[in-house]
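Visitor: model this:
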Amino acid sequence: MKIETKARLSFMMFLEFFIWGGWFVTLGAFLPQNLQASGTQTAAAFSTQSFGAIIAPFIIGLIADKYFNAERILGVLHLIGAALMFLMFRADNFAEFYPYVFAYMVAYMPTLALVNSVSFNQMKDPTKEFAVIRVWGTIGWIIAGWLISYFAWDSTAGLQDGLLRNTFMLSGIASAVLGFYSFTLPKTPPKIPKGEKLRISDVLGLDALRLLKNRNFLIFFISSILICIPLAFYYQNANPFLIDVGMPNPTGKMTIGQISEALFLLLLPVFFTKYGFKKTLLVGMVAWVVRYALFAFGDAGSGAYMLLIGIALHGICYDFFFVSGQIYTDSKAGERYKSAAQGMITLATYGVGMLIGFWVAGLVTDHFVNADQTKDWQTIWLIPSGIAVVVTLLFLVLFKEEKIVKEEVLEKVA
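Guide: Predicted structure coming up:
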């Protein structure tokens, strides 16, 4: 790949995740403080991510893959997203805000696949070239978090003054830039030839359901959905929790999780090939248990190190379970069902699993409130930790170890 093309794709990936990290991380703090949203209303707002993930395959499969260039659809969706971000910035109450965030997520979630399509279309060997491009997305997310904390929008005073609302303007401007920039990206024509029919089962990955006949894959599939419940607690509650306990620069400190994600991704192939798939996933699950226990008993004073370790465990939590799971799914699917299997597991986790998780997290957050109306954070965090314990034990007892070819693992995480 030419250096110029690599730079253009890296900038695209930087903006793609700068946009997401620029508002989604602090949403859980913004809604109750500035729009007086309840826990269940906050859960409903976060759940729009899941609805977007469920609807995304239709947009990609039935429109992008069939009729229009990927970079053009990417541009249109981000321009729509910029307008919706401006409307979210101006919203004064949750009833007004919710339709905009729902529409935004329906527009944004397909772009995650579109930036990958644009990137892959320019690569001769994605297994070696994609990681260098994708890491700029993580950098974009980190920079967004640093900016929010640098401007003190997520501080107690910033929340009281309504400054956190500026995150939507920040992301909206970045979305507009990426929208116009997308039309200059290398052409990525439709994948499906004209005249060829596309089945709904192809779009949703339903052909991969036959993999569930395999006992091991079924246990992994169920565990993947269930572990998304604790994951939803982190997305929805981590930022407001850190603000409540008085952690300085909470959004900036949460980027430690993205830094650790990049670092542990480098360690994953070594751990995977040495200890096998089952032990790797178990380490990821145990990390969820430990993380939330640290959140439950840590504080912003002498126990601040517990909170920072909990944030840093994000790399193990995500890479050792979700990335490993993608590799395992790919190895079980075979050539014919690779795309369908990945589509199915994404729909199950980010769609169904996260949808359930956000709903549970909202109910728990609303229920455990102290007499002085502050949240009982210790109990709130012990619940997802307990759920992770149950999922870990389920997987430990029912899943039987199996080997995956070493060269295949190294290739897929390269």
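Visitor: any idea how far I143 is from A7?
Guide: 17 Å (C-beta to C-beta, to the nearest Å). Any C-beta I mention is one placed from the backbone N, CA and C, and that applies to glycine too.
Visitor: what about the two, which has more around it?
Guide: I143 (17 against 12; other C-beta atoms under 10 Å).
Visitor: so that one touches F18, yeah?
Guide: Yes: between I143 and F18 there is a contact at 6.2 Å, judged by C-beta atoms under 8 Å.
Visitor: tell me the contacts of M13?
Guide: Taking C-beta atoms under 8 Å, 6 or more residues apart in numbering as the definition of contact, the neighbours of M13 are V115, S119, I133, R134, W136, G137, G140.
Visitor: typo on my end, it should be A53
Guide: For A53, the contacting residues are M109, T346, L347, Y350, G351, M354, by C-beta under 8 Å, 6+ apart.
Visitor: pLDDT check: weakest of the residues you listed?
Guide: In terms of pLDDT, the lowest of the contacts of A53 is T346, showing 75.
Visitor: Where does the prediction get shaky in this structure?
Guide: By pLDDT under 70, the low-scoring segments of the chain are 57, 59-66, 126-127, 191-208, 334-340, 342-343, 403-414.
Visitor: Scan it for its longest helix.
Guide: helix 256-297 (DSSP state H).
Visitor: the inter-axis angle of the helix or strand following it versus helix 256-297?
Guide: Towards the C-terminus, the helix or strand next in line after helix 256-297, according to DSSP states H and E, is helix 304-312. Here helix 304-312 runs at 130 degrees with respect to helix 256-297, directions being taken by axes from the mean of the first three to the mean of the last three C-alpha atoms, to 10 degrees.
Visitor: Buried ones in helix 304-312, by neighbour count?
Guide: A304, M306, L307, G310, I311, A312 (16 or more other C-beta atoms under 10 Å).
Visitor: With distance to K187 added, can I get those in CSV?
Guide: Listed next are those as CSV, based on distance: C-beta to C-beta, whole Å:
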residue, distance to K187
A304, 50
M306, 50
L307, 47
G310, 44
I311, 40
A312, 41
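Visitor: now, which of those residues sits nearest F68?
Guide: Closest to F68 out of the buried residues of helix 304-312 is I311 (40.0 Å), distances taken as C-beta to C-beta.
Visitor: residues contacting that closest one?
Guide: For I311, the contact set (C-beta under 8 Å, 6+ apart) comprises A238, K253, M254, I256, G257.
Visitor: Just the closest of those residues to F180, please.
Guide: F180 lies nearest to M254 out of the contacts of I311, by C-beta to C-beta, at 29.7 Å.
Visitor: so what are the domain limits for the chain?
Guide: 1-187, 204-414 (automatic domain parsing).
Visitor: on that earlier part again, so which pair among the contacts of I311 is furthest apart in space?
Guide: So for the contacts of I311, where distance means C-beta to C-beta, the most widely separated pair is A238 and I256, at 11.5 Å.
Visitor: ok so, going back, from the contacts of M13, which is closest to L282?
Guide: Here the nearest of those to L282, counting by C-beta to C-beta, is R134; it sits at 26.2 Å.
Visitor: Is there a neighbour count for the closest one? I'd like the number.
Guide: Other residues within reach of R134 by the criterion other C-beta under 10 Å amount to 19.
Visitor: same deal with V397?
Guide: By other C-beta under 10 Å, the burial measure for V397, its neighbour count, is 8.
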